[in-house]
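Visitor: Sequence plus the predicted model coming up.
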Amino acid sequence: MAIEVRIPTILRTYTNGEKAVNAEGTNLSALIENLDANHPGIGERLLEDKDGKSDLRRFVNVYVNDEDVRFIGGLDATLNDGDQVVVLPAVAGGAGNGAEPTAR
């Protein structure tokens, strides 16, 4: 079973610069385990311990075929041959205090 996993720039140090890698797994948890076995350390960047069990880190978004995994089972989300998994770091920002920039 081949599943393409799209890797964000910040995590490509674990994949030797590859933008996409193939991994295997019948669900997201197994896929991340397989991914970490082939690219050591990447699993720690995707998962954290919450109350004694693994869960996706809060600032990591994962999509299976454009569906947010948080709405389709999380780590138990079912995967099929040919699926595409996209890992995206969450981006946060703001407008500051609303003050106009000063002219120089």
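Guide: Thanks, I have it. Numbers count the residues shown, from 1 in each chain.
Visitor: tell me which residues in stretch 46-56 are buried?
Guide: By neighbour count on 16 or more other CB atoms under 10 Å, the buried set for stretch 46-56 is 46-47, 56. Every residue, glycine included, has its C-beta placed from N, CA and C.
Visitor: now, which of those sits nearest Val85?
Guide: Leu46 (10.8 Å; CB to CB).
Visitor: other SSEs contacting the helix or strand harbouring Asn61?
Guide: Secondary-structure assignment from DSSP states H and E places Asn61 in strand 60-64. Applying 3 or more CB pairs under 8 Å, 6 or more residues apart in numbering; DSSP states H and E, we find strand 60-64 packed against helix 42-46, strand 84-89.
Visitor: These: which one's closest to Thr78?
Guide: Comparing the helices and strands packed on strand 60-64 under CB to CB, the one sitting nearest is strand 84-89, at 12.0 Å.
Visitor: Show me what that closest one is in contact with.
Guide: 3-8, 10-11, 23, 28, 31, 46, 59-66, 79 (CB atoms under 8 Å, 6 or more residues apart in numbering).
Visitor: angle of the strand holding Asn61 against strand 84-89?
Guide: For strand 60-64 against strand 84-89, the angle by axes from the mean of the first three to the mean of the last three CA atoms, to 10 degrees is 170 degrees.
Visitor: ok now strand 60-64, how far from the chain's centre?
Guide: Chain-centre distance of strand 60-64: 5 Å, with CA atoms, centre = their mean, to the nearest Å.
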